[in-house]
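>>> give the three-dimensional model of this entry:
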Amino acid sequence: MSVIIAVYTPTGIVISGDSRTTGAFNQTVPNPQNPQQQINIQTMITLSDATLKVFKIFDKYGIGTFGDAQIDDLPIAHYIEQFEINNLANPPRTTNDLVTDLLNYFRQFNPIPKTGFVVAGYDNNDPFVFGVDIFNNVGQRHNYIQPQNQINYGIVRGGDTDVINRLLNNPQRLPIFQTMNLQDGVDFSRHLIRTTIDQMRFEPAVPTVGGEIDTLIITNNKTEFLNKKKLSCK
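Presented below is the predicted three-dimensional model:
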């Protein structure tokens, strides 16, 4: 599992994500009630605390991924890299084009992965934040109020968001995103993931969020990582 957060403020967009991948380990064991009978037991395990989930793509867009973390035993990061290479000669011109291209690319797999993306970018000076559901073929813009024809500011999250939902369940206590600066957006996104990791340590459940927190910022003139995992020898 994962948790991905995008905070969109008047001066930029932040995407942060954890690094944990979990999976199910299946075993066939004798039934304690009837040793002659075999039963299947499924155990949740941590596969990795070094999974890449936040990406800078085409030097201007940001992507965060959650949900199914592998396709044919290869990580989503591999397919994001291949997607970018395949489209370098004709990159998407807008954030909406990127969303459409991602849907077309990932829906070619069989079975279609139950993977979600948060996609962010600027088209000229206008910010765009989308939620993408590959399996259901949906791309929805989050930072725009249609009736008022205006951009709004706030937060979108995906993955295991139970702890975050509990923290943000009182609308009167939410940050004032309309006046939030980019640094506070960075701190808020990382705070929510760090708090999720800390809370899961004490809950009687599988900790599905963990590892290092990667953070990417997207503005109208640059897209850059503030923190990104690297291969290392410790």
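>>> Ile13 bridge partners, please.
Note on Ile13: beta-bridge partners Tyr8, Ile218, judged by DSSP bridges.
>>> quick one: residues contacting it.
By C-beta atoms under 8 Å, 6 or more residues apart in numbering, the residues touching Ile13 are 6-7, 62, 120, 127, 129, 185, 217-219. Using the backbone N, CA and C atoms, a C-beta is placed for each residue, glycine as well.
>>> ok, it to Asp133 distance?
Distance, Ile13 to Asp133, using C-beta to C-beta, to the nearest Å: 20 Å.
>>> quick revisit: reformat the contacts of Ile13 as JSON lines; add distance to Ile145, neighbour count and pLDDT.
Shown next, in JSON lines, are the contacts of Ile13 (distance: C-beta to C-beta, whole Å; neighbours: other C-beta atoms under 10 Å; pLDDT from 0 to 100):
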{"residue": "Ala6", "distance to Ile145": "17", "neighbour count": "29", "pLDDT": "98"}
{"residue": "Val7", "distance to Ile145": "17", "neighbour count": "28", "pLDDT": "99"}
{"residue": "Gly62", "distance to Ile145": "22", "neighbour count": "24", "pLDDT": "98"}
{"residue": "Ala120", "distance to Ile145": "17", "neighbour count": "28", "pLDDT": "98"}
{"residue": "Pro127", "distance to Ile145": "13", "neighbour count": "22", "pLDDT": "98"}
{"residue": "Val129", "distance to Ile145": "13", "neighbour count": "27", "pLDDT": "98"}
{"residue": "Gly185", "distance to Ile145": "19", "neighbour count": "27", "pLDDT": "98"}
{"residue": "Ile217", "distance to Ile145": "23", "neighbour count": "25", "pLDDT": "99"}
{"residue": "Ile218", "distance to Ile145": "20", "neighbour count": "25", "pLDDT": "99"}
{"residue": "Thr219", "distance to Ile145": "21", "neighbour count": "16", "pLDDT": "98"}
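>>> span of stretch 88-99 from start to end?
Counting by C-alpha to C-alpha, to the nearest Å, you get 16 Å between the two ends of stretch 88-99.
>>> what does stretch 143-156 give?
End-to-end span of stretch 143-156 (C-alpha to C-alpha): 9 Å.
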